[in-house]
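1. Task: produce atomic coordinates for the following.
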Amino acid sequence: MKIEQIYTGCLAEAAYYIQSNGEAAIIDPLREVNPYLNKAAQNGAVIKYIFETHFHADFVSGHVDLAEKSGATIVYGPTATTTFPSHIATDGEEFKIGDLTITTLHTPGHTLESTTYLLTDKDGRKHCIFSGDTLFIGDVGRPDLAQKGSLTMDDLAGILYDSLHEKILTLPDDVIVYPAHGAGSACGKSMSKETFDTLGHQKEVNYALKATSKEQFIKEVTDGILPPPQYFAKNAALNKGGYERIDEVFEKGLVALSPQEFEDLANQTGALVLDTRDPQTFAKSFIPNAVNIGLNGQFAPWVGALISDLKQPILLVVEDDKAQETITRLARVGYDNTIGYLAGGMQAWEKEEKETDQIESISATAFETALNTNPNLNALDVRKPGEYEAEHLEATLTRPLDYINDWTNEINPDETYYIHCAGGYRSMIAASILKARGVNNVIDVAGGYGAIKNTNLKRSDFACPSKAMKV
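-> Down below sits the predicted model:
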């Protein structure tokens, strides 16, 4: 028996490879499917099934491509409907993978088709569950994504409570829980950094499982849920209805363009110029109106949260040899319309003496000086609401990056704005978006709130100061 968790940190997503006696199954595959095909070939196995725990909202699954290339059967749980060939399992249905048995446990609540898969070994022992977004380590799935008609978030939370208590918590304590996500995913609110655990330990530490009544569970699970990113519903629709082949996405996007070709295509198509370099590198020189979302952060989720049109043509500025990785990560969240990248990167652009732009980035100490000189300056904190509420600089306004498309109209393009986040990644995204929208005087605070706390600003300048704050 072979069970391998394939964890993708930038999406906080876990897929699974299961193998026994030359047969394999994949659970919740990512968009690019060659790694699964290669793994099966290297192990001399045939992929028999592709199990989907639900219609994912935070990424586009690779089920359709993988089924086409492997001949495997796509399996969804009860109530799912698809426009592509798939097997809709009944509750309790069993599937054989070599000596192993996978049993369908219908566990609605996160979504109505959500299903947990129970793996039983060759000796009949219940070994593990693949719980999808029903049960996480430290949390449970958010119950607000499948509201329809009269079905409310509270209704779904109640359904989730029943699923957990009737289907999962009745299993042995030594059963291993393998979820679809870990910390950093927007599919839950307080997931652990751990990516698997025993069910017995989760009963002891998971706040949702410790609720003493359905009413308490509903209250705790629904409290503090932020609106889902705008791309969630679009990704769910792609997973349900099918999508463009990943090979075609690569063929269309992996086109190296000279600076002149790049500029001409941008003008002809109205493409978004997406610059994925390090924030501080970007700040020094970039193509006018380019938006910076660094590849070395949570790139794909931020693209999904901020670029509202999945069909938006995209032109890339990347570091050397990062074009295919960037296109792959865009495709994982449904952005399939990359139409080329700048060959030679910004060095080639500058060599041609084409126009560039810059964003001023200052140290936290320089920001401290500016604040002492002008206490009324415009300072924006683009961290998440919870981060701001926990601790912030009194002089700043909370303007979460997640909702920049909602608050941009509040910005006066003739004024100067200082922008910070926690460490500098999100603030440069915000600064680049504002600059592309005509706000010329944006100043990034390098190092973000972490650096600001270590300046000589007085304790009274902060709200909810931490003990670590310098005074």
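2. Could you say which helix or strand holds the most centrally placed residue in the chain?
-> With distances taken as Cα atoms, centre = their mean, Pro301 lies nearest the centre of the chain, 3.7 Å away. Counting by DSSP states H and E, the secondary-structure element that holds Pro301 is helix 299-306.
3. Now do that helix: which elements does it pack against?
-> Using 3 or more Cβ pairs under 8 Å, 6 or more residues apart in numbering; DSSP states H and E as the contact criterion, the elements in contact with helix 299-306 are helix 231-241, helix 323-331, helix 425-436. (Glycine included, C-beta is placed from N, CA and C.)
4. For the longest one, list the C-alpha coordinates in CSV.
-> Spelled out, it's helix 425-436. As requested, the backbone C-alpha atoms of helix 425-436 are provided in CSV (Å, rounded to 0.1, in the frame of the first residue of the first chain):
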residue,chain,number,x,y,z
TYR,A,425,4.5,41.6,-0.6
ARG,A,426,0.9,42.8,-0.6
SER,A,427,1.7,46.5,-0.3
MET,A,428,3.6,46.4,-3.6
ILE,A,429,0.6,44.7,-5.3
ALA,A,430,-1.7,47.4,-4.0
ALA,A,431,0.8,50.2,-5.0
SER,A,432,1.1,48.8,-8.5
ILE,A,433,-2.6,48.5,-8.9
LEU,A,434,-3.3,52.0,-7.7
LYS,A,435,-0.5,53.4,-10.0
ALA,A,436,-1.9,51.5,-13.0
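5. on contacts alone, who are the packing partners of that helix?
-> With 3+ Cβ pairs under 8 Å, 6+ apart as the test, helix 425-436 has helix 279-284, strand 291-292, helix 299-306, helix 404-407, strand 417-420, strand 442-445 packed against it.
6. Partner strands of the shortest one and their direction?
-> With DSSP bridges as the criterion, the sheet partners recorded for strand 291-292 are strand 272-275 (parallel).
7. can you check the fifth one too?
-> Strand 417-420 pairs in its sheet with strand 378-381 (parallel), strand 442-445 (parallel), by DSSP bridges.
8. So for Ala290, which of the ones you listed sits nearest?
-> Within the strands paired with strand 417-420, the stretch nearest Ala290 is strand 442-445; the backing value is 13.8 Å (Cβ to Cβ).
9. Which positions in the host helix or strand of Ala40 come out as buried?
-> Taking DSSP H and E as the criterion, the element that holds Ala40 is helix 34-42. Along helix 34-42, these residues count as buried under the neighbour rule (16 or more other Cβ atoms under 10 Å): 36, 39-40.
10. Packing partners of the next helix or strand after that helix?
-> Note on helix 34-42: by DSSP H and E, the next helix or strand toward the C-terminus is strand 46-51. With contacts defined as 3+ Cβ pairs under 8 Å, 6+ apart, the secondary structure elements packing on strand 46-51 are strand 23-27, helix 34-42, helix 63-70, strand 73-76, strand 94-97.
11. In CSV, list the ones you listed along with distance to Ala211 and mean pLDDT.
-> CSV is the format used below for the helices and strands packed on strand 46-51 (distance: least, Cβ to Cβ, whole Å; pLDDT from 0 to 100):
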stretch, distance to Ala211, mean pLDDT
strand 23-27, 27, 98
helix 34-42, 37, 97
helix 63-70, 33, 96
strand 73-76, 29, 98
strand 94-97, 31, 98
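12. out of those, deepest packed?
-> Among the helices and strands packed on strand 46-51, the stretch with the highest mean neighbour count (mean count of other Cβ atoms under 10 Å) is strand 23-27, at a mean of 25.
13. Now do it: distance to the chain's middle.
-> With Cα atoms, centre = their mean, to the nearest Å as the basis, the distance from the averaged C-alpha position of strand 23-27 to the chain average is 24 Å.
14. Can you give the strand pairings for it, parallel or anti for each?
-> Paired with strand 23-27 in the same sheet, following DSSP bridges, are strand 13-20 (antiparallel), strand 46-51 (parallel).
15. which residues of the stretch 51-200 of the chain fall in strands?
-> Secondary structure of the stretch 51-200 of the chain, counting by DSSP state E, counting those that start in this stretch: strands at 73-76, 87-88, 94-97, 100-106, 115-120, 126-132, 176-179, 197-198.
16. Thank you kindly, that will do.
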